[in-house]
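Novice: Below is the sequence, then the predicted model.
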Amino acid sequence: MVSKVTFYDTTMRDGEQTIGVNFSIDEKIEIAKELDNYGVAAIEAGFPAASQKDFEEVKRIAEVVTNAKVVGLARMVRNDINAVIEATKNAKHPMIHAFIATSPIHREFKLHMTKEEILDKIKADVTFTKQYMQDIVFSPEDATRTEPDFLVASVQTAIDAGATMINIPDTVGYDTPEEYGEVFENLRQNIIGFDTVGWSTHTHNDLGMATANALAGIAHGATEIQGTINGIGERAGNVDMIEAAAAIQVRHEKFNVETDIVLAQSKVISDVVARATCMPVAGNKPIMGRNAFAHESGIHQDGYLKNPETYEILKPEMVGATASLPLGKLSGSHAVMSKLNSLGYDVTRDDMKVIFPIFKSVAEESDLITDEQLKVIMQVVEEKEMVSYQ
Ligand code: KIV
Ligand code: ZN
């Protein structure tokens, strides 16, 4: 198995296919700079042939990114390929992502092409591109619904013509992790020169399996994960790179691979993308959701205060987040006491016998108890008991 997994970001291409998302050039440049610092190996900056705006954006990003490869997307159409060559020509590391669909349904209804015509196109267009670009990603679109032997033939044709990275899109988010792993196994067994190119996963989240599928690909020989920040993308989105990178780190003993991702920058980049897309991250989303490191129930808060690892599998600071113990009707005396002490009250477990029932009666009527409400509760207790806890 591989010892290093790289990340290929497509927030500004597949991510921009999210309904209602249209980044401005300034937003794209800000995202590109953050991604470069985040440690991604490649940034797919757009689809240069799609519009003049896309072309200009890829061109500008190619000029500002210093570490990562800058990639433009192209259909296997000469005009698209030429647009990528031109838009990325000033990049330190230019790359093209050329794709053509290979599954029966796409061949018959979308492309109206036979298998032979598709193989010929792959051979001709990758050979043409290779004269101008060294780094070529080839994607057989809808790979997971393609006949396994035709997938092998398509990928082999691309490698023989000069592709340096093969991307396996689960375009419609259909596969289970077991099936997606098998796709890589089949390619590993049948592709001549499997180890001479890189292999990337590209998973969509239609059935909620994008992260599991990307990780299954890694377990079966993939070397790179294509994904987006916050999991944005067409329909239900793409694999969230932050989730995948965190899983690889937290379950290091299982995956046994390293990445260059600066995980502690996750919150910064997640916030930048959430702002630019006007799509706040859902509260219960893994890793970046505001509830991901929040513990409200008394049993959890008590365990957490005794040892955070009782309920936390990764430290929030590892991903640039912070833990919280919001106080509500399910909170226990231990957490309330700890909060009061942090607010400057000197209360003991004995004092809590008086304070906690009053807290409870207020909490039962509220969603969450704020610091201000706690101060009012303490005022009531101090007046009633004629003591001061400050
Ligand atoms: O999901 C997909 O198939 C794609 C291709 C362009 C690779 O995004
Ligand atoms: Zn996609």
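Specialist: Thanks, I have it. Numbering: from 1, shown residues only. Ligands and ions are numbered 1, 2, ... in the order given.
Novice: Regarding Thr223, what are the backbone dihedral angles?
Specialist: In terms of degrees, to the nearest 10, the main-chain angles of Thr223 are phi -110, psi -10.
Novice: Check for me that Gly72 belongs to a strand.
Specialist: Yes: the assignment for Gly72 by DSSP: H, G, I helix; E, B strand; the rest coil puts it in a strand.
Novice: hey, C-alpha coordinates of stretch 323-331 in PDB?
Specialist: The C-alpha coordinates for stretch 323-331 follow below in PDB (Å, rounded to 0.1, in the frame of the first residue of the first chain):
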ATOM      1  CA  ALA A 323     -14.700  22.500  22.400                       C
ATOM      2  CA  SER A 324     -17.700  23.800  24.300                       C
ATOM      3  CA  LEU A 325     -20.000  22.600  27.000                       C
ATOM      4  CA  PRO A 326     -23.200  24.400  26.400                       C
ATOM      5  CA  LEU A 327     -25.500  24.400  29.400                       C
ATOM      6  CA  GLY A 328     -29.100  23.200  28.900                       C
ATOM      7  CA  LYS A 329     -31.800  21.200  30.500                       C
ATOM      8  CA  LEU A 330     -29.800  18.000  30.200                       C
ATOM      9  CA  SER A 331     -26.600  19.400  31.800                       C
END
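Novice: for the record, mean pLDDT for it?
Specialist: The average pLDDT within stretch 323-331 is 95.
Novice: How far off centre is that stretch?
Specialist: 28 Å (C-alpha atoms, centre = their mean, to the nearest Å).
Novice: On the three-state scheme, Phe128 is what?
Specialist: Each residue gets one of three states, and Phe128 gets helix by three-state DSSP.
Novice: ok, residues contacting the strand or helix carrying Glu86?
Specialist: Take DSSP states H and E as the rule and Glu86 turns out to sit in helix 78-87. Taking contacts as C-beta atoms under 8 Å, 6 or more residues apart in numbering, the residues outside helix 78-87 that touch it are 47-49, 55, 58-59, 62, 72-74, 94, 96-98, 125, 128-129, 132-133. Bear in mind the C-beta positions are built from the backbone N, C-alpha and C, glycine included.
Novice: Can you tell me what sits against the helix or strand that it is followed by?
Specialist: Remark: after helix 78-87, the chain's next helix or strand is strand 94-101, criterion DSSP H and E. Contacting residues not belonging to strand 94-101 are listed as 42, 44, 62, 69-76, 80-81, 84-85, 88, 107, 110-111, 118, 121-122, 125-126, 129, 133, 135-142, 167, 169 [C-beta under 8 Å, 6+ apart].
Novice: Restrict those to those that also contact ligand 1, please.
Specialist: Among the contacts of strand 94-101, the residues that sit close to ligand 1 (C-beta under 6 Å from any ligand atom) are Ser139, Glu141, Pro169.
Novice: Among those, which are located in strands?
Specialist: Ser139, Glu141, Pro169 (DSSP state E).
Novice: helix, strand or coil for Ala50?
Specialist: Taking three-state DSSP as the rule, one finds Ala50 in the coil state.
Novice: That one: neighbour count?
Specialist: When neighbours are counted by other C-beta atoms under 10 Å, Ala50 registers 17.
Novice: which stretch of helix or strand covers Ser270?
Specialist: With DSSP H and E as the criterion, Ser270 is inside helix 266-277.
Novice: Which strands or helices does the next helix or strand after that helix pack on?
Specialist: Heading C-terminal from helix 266-277, the first helix or strand you meet, by DSSP H and E, is helix 298-306. Of the remaining helices and strands, those touching helix 298-306 by 3 or more C-beta pairs under 8 Å, 6 or more residues apart in numbering; DSSP states H and E are helix 333-342.
Novice: quick one, the helix it packs on and helix 298-306 angle?
Specialist: What separates the directions of helix 333-342 and helix 298-306 is an angle of 50 degrees, with axes from the mean of the first three to the mean of the last three C-alpha atoms, to 10 degrees.
Novice: Which among the contacts of helix 78-87 count as buried?
Specialist: The neighbour-count test (16 or more other C-beta atoms under 10 Å) applied to those identifies 47-49, 55, 58-59, 62, 72-74, 94, 96-98, 125, 128-129, 133 as buried.
Novice: List the contacts of the closest residue to Ser3 other than its chain neighbours.
Specialist: Ranked by C-beta to C-beta, 6 or more residues apart in numbering and with sequence neighbours excluded, the top spatial neighbour of Ser3 is Val257, at 6.0 Å. By C-beta under 8 Å, 6+ apart, the contact list for Val257 reads Met1, Val2, Ser3, Lys4, Val5, Ile218, Ile248.
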